Every structure is written in structure tokens, then in C-alpha cells.
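**Q** show me the folded form of this:
(one chain, ligands or ions: 1)
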Amino acid sequence: MSNSSDTADIVEEQGHLDTLYGHLDALREEASAQLSKALLQTGGTPADRSHRDSESALYGERVAQYSAVENGLCFGRLDFAEGRDGANGEDEASGEDDANGERGAKGENGAKGEYKTQGETRYIGRIGIFDEENDYEPLLIDWRAPASRPFYLATAAAPDGVRRRRHIRTERRTVTGLDDEVLDLTEAHGTGRGAHDGVTGEAALLSALTASRTGRMRDIVETIQAEQDHVIRADLGGVLVVQGGPGTGKTAVALHRAAYLLYTHRQVLSSRVVLIVGPNATFLRYISQVLPSLAETGVLLGTMGDLFPGVAAHREEPADIAAIKGQAGMADVLAAAVRDRQRVPEEPLALHLDLLDGGAVMLEPEVIKDARERARRSGRLHNLARPDFDTEIIHALSLLVADTIGIDPYADDPLGGDDAPGERQLLEEADLAEIRRELRGEAEVLGALDWLWPILTPQQLVAGLFASDARLAAAGADPRLKRSARSGWTPADVPLLDEAAELLGEDETVLEIIAERRRRQQVAYAEGALEIAFGSRSIDVEDEDDPELLSVTDLLEADRLAERHDEGEALTPAERAAADRKWAFGHVIVDEAQELSAMAWRLLMRRCPSRSMTVVGDVAQTGDLAGASSWGQALTPYVGERWRLRELTVNYRTPAEIMSVAAGVLAGIDPDIRPPRSVREAGVEPWVRGVAPARLADALTEAVEREAEAAGEGRLGVLLPSGLFEDLVPHVRKAAPDAALGEQPDLTARVVVLTVKQAKGLEFDGVIVVDPERMVEESPRGANDLYVALTRATQRLGILHPGTLPDSLHAVVGI
Ligand SMILES: Nc1ncnc2c1ncn2[C@@H]1O[C@H](COP(=O)(O)OP(=O)(O)OP(=O)(O)O)[C@@H](O)[C@H]1O
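**A** Numbering: from 1, shown residues only. Got it, this is the predicted structure:
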């Protein structure tokens, strides 16, 4: 490794950088001009408007992309040895066409054989830039192109033709320094290998790792390591599980994989959208800038709580209740809950009908039960089977009505004095059809049908179930799920709502059923109004669908549909995906996947019928009771043994001194799991301080003051047990009045106070962990939460505990 401050080298690189920025400016101006042109187009046919929309979306996206790569546009250079072959890296890319239509922003432009390897030089950067005036000579190669791969993979032992790898450090548009590694040992001038085995670009890596944190995750595109690169570029198909201990870059890798997949399979994925699921909103904000900085925006980020359109499920609930909701058996509970809503009363149902001038017919339980069985036998989902049920009941009712009006009490007595039973009159099918049609418009009948077989939304089903002891019992649910109907949705409810939607068949057909019912009511009302207006004039409608009245509602529906269609046109695929429960994503990436319950997996698998998924997590960090303790347990129900595992083994976040403390906790969780190897030492030992319980608050204030100062420009995280949170926050504030906290704390604040649950996936320069014993007691999974807490720091860790630590913990954190 050598740090090149050779002025001639810097001048040369500055020259190339200037050329690149010249091209970037030209590309951006061209895209802006096209965007303005598209936006200025007005009117035209719907097809013109749609063309205009897609053009402005395309150019708008390009302008955003060119702006996003302004910083760190070019960060690397590869020089190949003369007369060497094989400098193209492996190629797993499929090489689909680039949606941008830019020759060379694509994998295939850097694919095997296209580049001469004779003493060739390649510049690596955030996008591909080509010299249009010089036969599209590559001036800058996108980091995702196969031709960039040696930048991440070449080592002194396997240089793959690379003579020198250069990291180019820049600030805005100026080159500020160069780090060279000479890999070809036959010509080695530098040290060749990094001091740490297997690490590439060591100087650049260490500088990234020791930089102060900002509260926002940064991309790692300049320093991706070989084991990470293999994950990032793994094939699109199938389920890839990425298991790795804390700080191994799982989140970073998952995000870069999204960018890689979008680049390599743009056509498929930009329309089908990549979904990234993270544990909570704070985490999503923490990672939200990584993909835009890689010029990728067509990705949907969400938590489990966001995955049921129209429901914001962010209420907290006790871990044991969430765990019950997450069990796979809840699918059967919900199926039973649906059946329970298909009622058969014990007593006959008396229906007073306008058709009989208020006279009643009695609907017997046996008749209702029969209708229910027939509707169930249709095999349709609950809401979709409702018309079948209606047909059965209306048919039964029509016979009852026919029986009643078919018997003329005065038939035998022209004078009307005889009360002997009348003769049965035979009604024709047309009369029965008319009776059925009228029955369908009767409020009393509709009310009874709604009661016997209600059309239900998923929200109604689940809220109704939780609100009633009787319904819970009938569905075989755990009685602890009882709660008020208005208490708000929690993330664990979302998979239940989704399951309910699947069981109920909430889709366009249901909307149609509701619309149809409304239409029938309107028809009935209109007929009533007509009757009043025109006296006894009979409305002789043979066909149940009166064309005239229908057309009005039809038009209304058509208008609404057209409106929705129009809105749809203006939305991006990601926006459309967010609003559509049935959207089939092109690829799903799940971070902190160990936390997902069985029911959550069911939902995600529905969203990803292609099973093209990247599942990222660490089973040793599972905090939720409903979460997974092994990947097989979580995935086998959906993909059997057909998932592949990649492991990340190097910890980039936590320095060795801190990791040795955390390793003791890990050994207590599972002695067979090896902690990830830290890539560096911080040179600072973690501290552990026991204080008399009465002194804890003051000791915390002092510690915050000291550690905030030590964090300098960086960030300090204060991790408190939930039970002490309220009491201790004022004492943190004494030292740091602006400390951020709450449901979605501002992670860019200098001091952030969090529970362990909130801290999942996050990191800070310095961390204070308060009362580890209580954290273990509070955690549903024992020491897992403490393991998470101890591995959040990039530089300094302090542990503050009241009284003396119990022996069990002393052994691990008793430094
Ligand atoms: N190749 C790399 N170059 C530079 N920084 C890296 C690299 N890999 C990881 N990092 C940094 O290491 C830190 C930890 O990464 P990340 O949060 O992705 O780890 P993780 O495995 O998801 O951790 P955890 O499971 O504890 O949440 C981040 O700051 C990330 O930017």
C-alpha cells in the first residue's frame, strides 16, 4: 500500500476527473432540456399525455441520477499488466438492456472480451460515462459492471491481471489524494497486500471505518470487500440468505445488492420494483440515503407495519402478544373467524316485507344452514361467495313469498265473506323472477343477508375478532388477544390483515359487489320514487338489470375507473406497488430478517411469488419472541431446502476491544456461534462502571458529558432499558439538553437516547449501555438484546450498571 502524493499523479487524475465532470454536466444539461421539453407539451390525446408523462418521468429520473453522483463520481482506477489475460472478472450479470439507453452504463459494455487487457487502464465510478466522439470509449465504468469487478476482488495472490489498484480520494470536483496498491508482485513496488488478510483497499477502508458517524448510513461503493462483492452480485433468482454477525455489512450489502440488481436486470426490476423491508421507521430513515447516493430511486422501502395499504400500523404492544399473533396457527384462527361470521341463528328469522305489505315470512335455521353449505361448497372466498349465498336465500324467500301471495283467502267466496282457505294459484317463473328482483331491493332482506353473511373488510374481520371474547373463543384464538376495537394497529397485526384479505377475497370483485348492492338499492329507491310519481303504474321489468337505470351508475363507475386509471398513469411503479396489496415484487430484500414471525413470512412470500429474495440477518441477534432461531425454520415451509446461504465473517463496525466483550455475551447465547472477526482495533478499551443504585442517575449524567465530548464530531448513543427509560432521560438531558429520543428520534443529533429495540441495525461512534442486567431481564430472548446493544459502537463503549454485576454477567462484561 502506498499513499501517492506525487503531484504528477494527482495532476493526471485531476485532468481525467475534469473530463468526467465535463461529460456529467453535458449529460445533465441534455436531460434537463429534454425534461423541460416534455413538461411543456400540453393537451393531446390520452396516449399523448401518457407519452408525455413517461418522458418526463424518464428525464426527471435522469436529472436526479446525474445530480446524485456529483460527489465521488470517480473513485478508483485499475491498471492492468501488459500482455496479461483474464482481467475481466467473473460475470454473473445477465446484461439486459439499459433502460437509460446509455451505451456503457451497462454490464455488457464491460463484459468479457470487450476490453483489451494490454496495459489497459480503467476508471471506476458511480455511473458509466462514455466518449461519444471516440467510438464510445469508456471514460468511467459503473462499479456494477463486470469490468469493475477486479477493483473489488483482485488481490496480490490473485491479481487477475491487475498491476495496480488506485483509490482516488476527492472532495467535490478536486482530487485530494491517491492510495495505491501494487498487486502484481513481480513488479511490486509497494507492500502489495494489506496488513489485514483478505482486505482490499485497506487505507480507503480504514479511513471510511474510522470516520465520524453522521446519523445516516453511507454507501460503501468505494471499499466493498470480496466476500461482500460475492453477495452483492449473486444471481437474481431464488432465496439467498446472508447470515452475518453484527457490523459485517449486511445492511450495506443488501442495499448495494439492490442497486446491482436494478442495474443488471433493469427491465424486469424497474417495472416490478424491488422491495426492501427494514425493522422500523427510524432504521429506514437511517438507510434512506444510500440508494439515492448510488443513483437508484426505483425501490420501495418499508417496515412490516407499512405493508398493508391504507393501514399505518405503528402502535407498540407487549412482546408476548405480538408473539402470539406471529404464530403460524393464526392462519387457522383467522379461517375459523371467517367461518364464524357466516351465521346460522338458532331461532327462525322473521322478515317483514314491503312485498307483503309488511307481512312476515319466517326463514328457518335449516334453510339458512343449507344456503350456507351451498355457498361454502362453491369454493369461493368469503366475500366472493356472498352472491351464491344471496341467490340461495333469495330463492328460498321467493318460494315463501309465492306461498303467501299464491294463496288467495277470498278465492272461493266472491262476496268475500268466506274464511275458508283459498285455492293455491300457480305462479309462473316470470312472477317468481319478479319476486326475486323485488326481494333483492328490500332493505329488510339486505339487512338479513348482511347479518347472516356480511361482506367484510380485513380490518372489520380482525378488529371484530379481537374485540369479542366469544369470537376469539369460536375461532380457537388465545383469549389474551382481546383488545378494544379502537386501539389501533400494531406491526404484528399487518400479516393478520393480509391473511384476512386472502381469506375474504377482498379485491375488485368485492368492490363490484358493494357497488352492485348500492346500485340495487338505488334501483329500488328509484322504483319506489317512480311508483309514488306514477301511481299504480307497474314496472314490468323482466330482466333484473334495468338498462336505463344501470347506465347512470355505469357511467359513474366508468368515470371513477377512468380517474383511477389516469392517476395510475402518473404514479411511478414504486408508488403503485405501495398502494397495491397484491403487487408481485420483482425482488424482495429483508433486513433484520431474523425478527420476522411465521405470519410475516407468509405475507412476504405472497408479495414475492417468484421467490427472488435476499434475506439478511443474524439469528444470534433475534430479539422478538416470534422471530427465527434458524433460517431453515423460517424458510423451509415456503422453499423447502431450496435456499442458499452466504456468510459474512468480518466485522467492519465494532473494533476488536469491544467485540471481545460482546463475544462473551454471544458465547452465553450459543457457544457454537463464532463472533465475526473485527477488521481493526480502536486503541481504546471499553469501560465498565458499577455504581450504587442511588448514584446511577448522576453517574449517567457524568458519563454522557464525558462520552459526548469524546465522540467529538461524531454521535453518541445512550441505550437504556425500557423500564428505566422515563426515569433516566432527564439525567441524560442534564448533560445533553438537545438529546434526541422518542418514537422516531433524529439520528443526526449529537446524542440519541434509545431502547435496544430501537437501536437495532444502527451505529454510533460512542455508546453507553445502562444496566445490562435489566436489559437481559426485559428481553424476551435473554441476552440477545444485550449482544445487540454492545455491538453498536464504532469507537468507544461504556457500560454503567447499578450495584455489582451478577456473576453470570460479570464473567462476560467484567473487564
Ligand atoms: N466494505 C465496507 N467498506 C466501508 N464500510 C463498510 C464496509 N462494510 C461495512 N461497512 C460499514 O460497517 C458498518 C456496519 O455495516 P452494517 O450496518 O451494514 O452491518 P450489519 O451487518 O447490518 O450490522 P448489524 O447486524 O449489527 O445491524 C457500517 O457503517 C458500514 O458502512
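**Q** find the residue ranges of the stretch 351-500 of the chain scoring beneath the pLDDT cut-off.
**A** By pLDDT under 70, the low-scoring segments of the stretch 351-500 of the chain are 406-427, 485.
**Q** would you map the helices across it?
**A** Along the stretch 351-500 of the chain, counting by DSSP state H, counting those that start in this stretch, helices occupy 365-377, 382-405, 429-441, 443-452, 458-466, 469-474, 493-504.
**Q** what does the stretch 201-350 of the chain give?
**A** Under DSSP H, counting those that start in this stretch, the stretch 201-350 of the chain gives helices at 202-210, 226-232, 250-264, 266-272, 281-287, 290-293, 319-326, 330-340.
**Q** just checking, which of those sits deepest inside the structure?
**A** helix 250-264 (a mean of 25; mean count of other CB atoms under 10 Å). For glycine as for every other residue, the C-beta is placed from the backbone atoms N, C-alpha and C.
**Q** I'd like to know which elements it is packed against.
**A** helix 226-232, strand 239-244, helix 266-272, strand 274-278, helix 290-293, strand 587-590, strand 613-617 (3 or more CB pairs under 8 Å, 6 or more residues apart in numbering; DSSP states H and E).
**Q** could I get the helices of the stretch 201-350 of the chain as JSON lines with mean pLDDT and distance to residue 454?
**A** Formatted as JSON lines, the helices of the stretch 201-350 of the chain follow (pLDDT from 0 to 100; distance: least, CB to CB, whole Å):
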{"stretch": "helix 202-210", "mean pLDDT": "89", "distance to residue 454": "58"}
{"stretch": "helix 226-232", "mean pLDDT": "95", "distance to residue 454": "49"}
{"stretch": "helix 250-264", "mean pLDDT": "96", "distance to residue 454": "42"}
{"stretch": "helix 266-272", "mean pLDDT": "89", "distance to residue 454": "35"}
{"stretch": "helix 281-287", "mean pLDDT": "92", "distance to residue 454": "34"}
{"stretch": "helix 290-293", "mean pLDDT": "90", "distance to residue 454": "43"}
{"stretch": "helix 319-326", "mean pLDDT": "93", "distance to residue 454": "23"}
{"stretch": "helix 330-340", "mean pLDDT": "97", "distance to residue 454": "10"}
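**Q** for the chain, name the helix or strand with the lowest mean pLDDT.
**A** helix 547-570 (a mean of 38; mean pLDDT, DSSP states H and E).
**Q** get me the contact residues on the stretch 251-400 of the chain for the ligand.
**A** 251, 252 (CB under 6 Å from any ligand atom).
**Q** what residues does the protein put near the ligand?
**A** 205, 208-209, 218, 220, 223-225, 228, 244, 246-252, 618, 621, 652-653, 761, 763, 791.
**Q** what number of residues lie near residue 795?
**A** By other CB atoms under 10 Å, 24 other residues sit near residue 795.
**Q** secondary structure element for it?
**A** Assessed by DSSP states H and E, residue 795 sits inside strand 793-802.
**Q** in the stretch 701-815 of the chain, which residue sits closest to the ligand?
**A** Closest to the ligand within the stretch 701-815 of the chain is residue 761: 4.1 Å, counting by CB to the nearest ligand atom.
**Q** give the contact list for that residue.
**A** Neighbour list for residue 761: 251, 278, 279, 283, 286, 287, 591, 592 [criterion: CB atoms under 8 Å, 6 or more residues apart in numbering].
**Q** wouldn't the last one be in contact with residue 762 here?
**A** No - contact between residue 592 and residue 762 fails when scored by CB atoms under 8 Å: they sit 10.9 Å apart.
**Q** who touches both of the two?
**A** In contact with both residue 592 and residue 762: residue 283, using CB under 8 Å, 6+ apart.
**Q** gap between residue 337 and residue 786?
**A** 38 Å (CB to CB, to the nearest Å).
**Q** center of the protein - which residue?
**A** For the chain, the residue nearest the mean C-alpha position is residue 277 (3.0 Å; CA atoms, centre = their mean).
**Q** out of the helices of the stretch 201-350 of the chain, which gets nearest to residue 700?
**A** Closest approach to residue 700 among the helices of the stretch 201-350 of the chain is made by helix 281-287 (22.0 Å; CB to CB).
**Q** helices and strands around the closest one, which ones?
**A** So helix 281-287, by 3+ CB pairs under 8 Å, 6+ apart, packs with strand 299-303.
**Q** so which elements touch the helix or strand where residue 141 lies?
**A** Under the criterion of DSSP H and E, residue 141 resides in strand 137-142. Secondary-structure packing of strand 137-142 (3+ CB pairs under 8 Å, 6+ apart): helix 7-40, strand 121-125, strand 129-131.
**Q** show the average pLDDT along it.
**A** Across strand 137-142, pLDDT averages out at 95.
**Q** can you name the next helix or strand after that strand?
**A** helix 149-153.
**Q** buried stuff in the helix or strand harbouring residue 58?
**A** Assigned by DSSP H and E, residue 58 falls within helix 46-68. Residues 49, 52-53, 55-63, 65-66, 68 are the ones in helix 46-68 that count as buried (16 or more other CB atoms under 10 Å).
**Q** which one of those is nearest the ligand?
**A** Nearest to the ligand among the buried residues of helix 46-68, with distances taken as CB to the nearest ligand atom, is residue 68, at 17.9 Å.
**Q** what's the distance between the nearest residue to the closest one once chain neighbours are set aside and the ligand?
**A** Closest residue in space to residue 68, ignoring its immediate chain neighbours: residue 295 at 4.4 Å, by CB to CB, 6 or more residues apart in numbering. Here residue 295 is placed at a distance of 18 Å from the ligand (CB to the nearest ligand atom, to the nearest Å).
**Q** also residue 182?
**A** Taking CB to the nearest ligand atom, one finds residue 182 at 21 Å from the ligand.
**Q** could you do residue 360 as well?
**A** 67 Å.
**Q** residue 327 too?
**A** Counting by CB to the nearest ligand atom - residue 327 and the ligand are separated by 25 Å.
**Q** just list the residues touching the closest residue to that residue other than its chain neighbours, thanks.
**A** Nearest non-adjacent residue to residue 327, counting by CB to CB, 6+ apart: residue 598, 6.2 Å away. Contacts for residue 598 (CB under 8 Å, 6+ apart) come out as 326, 327, 328, 626, 634, 637.
**Q** closest one of those residues to the ligand?
**A** Once CB to the nearest ligand atom is applied, the member of those that ends up nearest the ligand is residue 634, at 16.5 Å.
**Q** shouldn't that closest one be within a helix?
**A** Yes - the assignment for residue 634 is a helix, going by DSSP: H, G, I helix; E, B strand; the rest coil.
**Q** wait, it touches residue 628, no?
**A** Yes - the criterion here is CB under 8 Å, and residue 634 meets it with residue 628 at 4.0 Å.
**Q** these two: which has the busier surroundings?
**A** Shown here are residue 634 and residue 628; by other CB under 10 Å, residue 634 has more neighbours (24 against 21).
**Q** tell me the pLDDT at the more buried one?
**A** pLDDT at residue 634 comes out at 88.
**Q** and what of the one 4 residues further on?
**A** Per-residue confidence (pLDDT) for residue 638: 90.
**Q** neighbours around it, how many?
**A** For residue 638, the count of nearby residues is 17 (other CB under 10 Å).
**Q** find the nearest non-adjacent residue to it, please.
**A** residue 605 (4.8 Å).
**Q** now residue 681
**A** residue 656 (4.7 Å).
**Q** so what's that neighbour up against?
**A** 678, 680, 681, 682.
**Q** how about residue 283?
**A** 303, 591, 592, 760, 761, 762.
**Q** could you find the closest non-adjacent residue to the fifth one?
**A** Distances taken as CB to CB, 6+ apart place residue 283 nearest to residue 761, at 4.7 Å, with adjacent residues excluded.
**Q** how near is the one you found to residue 504?
**A** Separation of residue 283 from residue 504 (CB to CB): 32 Å.
**Q** just residue 327 next, same as before
**A** Taking CB to CB, one finds residue 327 at 21 Å from residue 504.
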